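Student: Mind looking at a prediction? Sequence and model below.
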Amino acid sequence: MGKTTLKAQFGTETIIIETGYMAKQAHGSVLVTMGETAVLVTVCGGSSDRPFDFLPLTVEYREKQYAAGKIPGGYFKREGRPGPWEILNARIIDRPMRPLFPKSWRKEIQLIATVVSFDGKNDPAICALVGASAATHLSDIPFAGPIAGCRVALVDGEYVINPSFAQAEKASLELVVAGTSTAITMVEGAGQEASEQEMVDAIYAAHEAMQPIIELQEKLRAEHGKAKQTVAPEQVDVDLFHKVIDVSVDDLADAVMTKEKADRKGQIKAAKKAAIAALIAEDESLAERTDEIGEYLERVTRDVIRTMVVEDKVRIDGRKPHHIRKISCDVDVLPRTHGSAIFTRGETQALGVVTLGTRRDEQRIDNLHGDSFVPFMLHYNFPPFSVGEARPLRGTSRREIGHGNLAQRGVTPILPAHEDFTYTIRLVSEVLESNGSSSMATVCACSLAMMAAGVPTKRPVAGIAMGLIKEGDDYAILSDILGDEDHLGDMDFKVVGTEEGITALQMDIKIKGLPREVLTKALEQARKGRLHILKEMAKTIAEPRKDLSRNAPRIIATYVNPDRIRDIIGPGGKTIRGITEQTGCSIDVDDTGKVVIASPDEEAAQRALQIVESLTEEAEVGRLYTGIVRKVTDFGAFVEILPGTDGLVHISELADHRVDRVEDILVEGDEVTVKCLNVDRNGKIRLSRRAALAEAAEG
């Protein structure tokens with residue numbers, strides 16, 4: 001097969017998909033280009049089944065620094081482990097792709113997206129998402145695609161498809177939407193307190209825009225697609241399955257209604273064990289088919305729960321679909337942190353901790369966009385004890401990065417402007433218990449912690465996880481879903497926001513076709529749930545405290561003439577080190593003349609500020625100064641009126657009478673009061689002892 005190139009309009013850009021040119025030994029390979037951004041995407045599949053009980057799919061998204069004409073920083077000068085932004089982009093590919101592979105598929109699948117060119121304008125993540133679908137659609141791997149994805153932003157009242165990065169910065173909402181020709185499969189994004197209607201309109205604007213890209217992939221497959229591998233039909237022993245139903249359905253129906261998570265798991269396990277024992281007692285040959293029976297029991301459990309929810313509108317913990325579990329909130333739970341809070345909702349509990357720092361605590365990001373510094377971080381930790389498990393701690397997982405990013409996007413819009421609140425903010429969520437949406441509990445705990453710390457947030461923010469179970473034309477929308485409901489449901493989505501609107505949204509849809517009215521109803525139910533949670537939070541703390549925590553550093557920002565920065569730094573940094581040693585404060589100075597002083601001791605910070613001001617103070621015309629004579633000449637005396645700042649007292653300005661010799665009035669080392677007469681454009685200062693004496697006489 002030779003090189004094939006297909007094009008389509010995609011927003012304001014043209015998308016180009018090429019195949020048969022690069023990486024031809026991969027099972028599927030495409031180069032996707034928008035503008036001068038290009039991403040090579042490959043897919044390869046294993047040749048034999050692996051002993052897994054899950055789909056063995058891995059997705060990697062990697063940015064090469066050469067794509068933007070950069071050499072990697074660091075000692076080794078080559079790309080290393082993927083950064084958080086690469087992991088997040090890999091998740092954007094994984095989430096809409098994974099449900100479209102056969103559930104029974106056990107051969108390994110590996111998707112690799114490599115950014116090979118970046119123009120700083122077009123998003124490589126969108127190229128990677130389209131490329132992942134196109135490469136898989138061309139391959140012999142079974143796949144219920146194709147899909148496409150795009151960004152959509154609301155800019156000045158208009159929905160813009162695949163906005164530039166500059167446009168996205170001005171957007172009131174921005175989403176990544178993925179879908180098939182008939183259904184939306186994933187939504188991920190944030191808003192500046194956007195309305196539910198704006199979110200729905202944005203989602204469907206994106207779905208309409210991606211249709212030509214889906215058609216392009218269908219055309220590509222028609223020309224060059226490989227024959228798909230056959231998927232072995234699922235073998236079901238109908239007679240045995242019916243026996244499993246008969247011996248288990250009643251006990252499982254009772255077991256799933258157990259309210260507490262651990263007890264419910266125990267009751268379900270006991271019911272399954274009893275069913276297996278009953279079947280073996282009836283037919284001893286079934287002892288060799290316990291794994292098969294276990295799969296049937298899982299189906300029965302799933303069907304019992306789904307039927308109960310859809311038909312009876314009763315959930316496994318006894319709640320109605322729109323009910324939210326009991327909420328409790330506590331603040332100031334840790335005595336030495338800058339701010340802390342615990343948010344508990346049912347059997348989900350998050351500890352939120354805020355730490356305030358200075359500019360030197362900002363996170364440095366080095367990616368294709370260049371170096372940047374981030375003054376806000378939110379880190380989410382999900383230890384094994386939160387779900388009663390014992391497993392090794394092996395560093396931050398992709399799930400932790402994804403959940404933390406969702407919470408961070410939801411919290412960011414309510415933060416004070418960095419110009420007004422110059423602290424670096426780090427939020428950490430320690431998930432202490434988990435049974436449904438620990439990421440949304442993270443949002444609530446972090447909002448409470450910031451208010452307790454005195455961070456002047458605009459408004460409280462809360463999050464809620466929603467679910468959907470659909471059987472035929474009937475469905476149930478579930479508020480505040482449990483972990484089990486997430487696992488067996490047809491859609492889960494998380495909504496973060498304030499009383500005014502949505503700040504973050506994440507949605508994964510597992511079924512084909514979601515009517516617009518269902519999505520609209522689900523978002524409205526989520527809004528009511530969010531408002532309920534905010535009211536519960538307000539019972540503990542409703543607004544930020546007026547004063548910062550006593551443990552937080554006091555930061556004072558001032559501006560000096562950039563030409564005077566050298567006076568603060570001193571030769572070899574001697575002066576600034578002296579101020580730090582004398583006061584115990586940390587001092588940061590940038591090229592604009594901004595000086596930031598930080599210290600846990602407010603008096604020390606004020607003392608450091610006084611020193612800085614004295615070092616950089618500018619002479620003021622008409623003001624009296626008492627200074628030291630530093631040099632005497634025939635035409636006058638130079639007086640140091642401020643540290644490092646001298647002015648000339650001309651001989652004619654020494655006294656109210658004629659002076660023949662300067663030394664008759666002043667000598668080096670004398671202390672003298674003078675008045676500032678003028679400061680010229682070059683910074684030269686004219687002083688007068690005569691004017692100072694006259695002013696003193698009048699006073």
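Tutor: Okay, I see it.

Student: Nearest residue to the middle of this protein?
Tutor: Asn405 (2.9 Å; CA atoms, centre = their mean).

Student: How much space separates Tyr204 from Gly189?
Tutor: 14 Å (CB to CB, to the nearest Å). (C-beta placed from N, C-alpha, C; glycine too.)

Student: what about the two, which has more around it?
Tutor: Gly189 (24 against 17; other CB atoms under 10 Å).

Student: The closest residue to that one other than its chain neighbours: what's it in contact with?
Tutor: Excluding the flanking residues, the one nearest Gly189 by CB to CB, 6 or more residues apart in numbering is Leu175, at 3.2 Å. With contact set as CB atoms under 8 Å, 6 or more residues apart in numbering, Leu175 has these partners: Arg151, Val152, Ala153, Val187, Glu188, Gly189, Ala190, Met199, Ala202, Ile203, Ala206, Leu505.

Student: try Arg391
Tutor: Pro384.

Student: if I've got this straight, it is in a helix?
Tutor: No. Arg391: not assigned to a helix; according to DSSP: H, G, I helix; E, B strand; the rest coil it is coil.

Student: how much space between it and Ala255?
Tutor: Taking CB to CB, one finds Arg391 at 26 Å from Ala255.

Student: what's the answer for Arg315, then?
Tutor: 14 Å.

Student: How about Ala26?
Tutor: For Ala26, the distance to Ala255 - CB to CB - is 47 Å.

Student: and these two? which has more neighbours close in?
Tutor: Comparing Ala26 with Ala255 by other CB under 10 Å, the one with more neighbours is Ala255, at 23 against 19.

Student: what about the more buried one, distance to Asp246?
Tutor: From Ala255 to Asp246 the distance is 16 Å (CB to CB).

Student: cool, Thr19 as well?
Tutor: 53 Å.

Student: Then His137?
Tutor: Distance from His137 to Asp246, by CB to CB: 43 Å.

Student: quick one, which of these two is more surrounded?
Tutor: His137 (25 against 12).

Student: excluding its backbone neighbours, what's nearest the more buried one?
Tutor: Per CB to CB, 6+ apart, closest to His137 is Pro146, 4.5 Å.

Student: Could you do Ser434 as well?
Tutor: Ser386 (4.5 Å).

Student: Do I have it right that that neighbour meets Asn435?
Tutor: No. With contact defined as CB atoms under 8 Å, Ser386 does not reach Asn435; the gap is 9.3 Å.

Student: C-terminal to the host helix or strand of Lys269, what's the next element?
Tutor: Assigned by DSSP states H and E, Lys269 belongs to helix 261-282. Next helix or strand after helix 261-282 toward the C-terminus (DSSP H and E): helix 290-312.

Student: Output the contacting helices and strands for that next one.
Tutor: Secondary-structure packing of helix 290-312 (3 or more CB pairs under 8 Å, 6 or more residues apart in numbering; DSSP states H and E): helix 238-255, helix 261-282, strand 462-471, strand 474-479, helix 483-488.

Student: Turn the ones you listed into a markdown table, columns for mean pLDDT and distance to Arg360.
Tutor: Supplementary listing: those in a markdown table, determined by pLDDT from 0 to 100; distance: least, CB to CB, whole Å:
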| stretch | mean pLDDT | distance to Arg360 |
| --- | --- | --- |
| helix 238-255 | 90 | 56 |
| helix 261-282 | 91 | 44 |
| strand 462-471 | 93 | 31 |
| strand 474-479 | 92 | 43 |
| helix 483-488 | 84 | 40 |
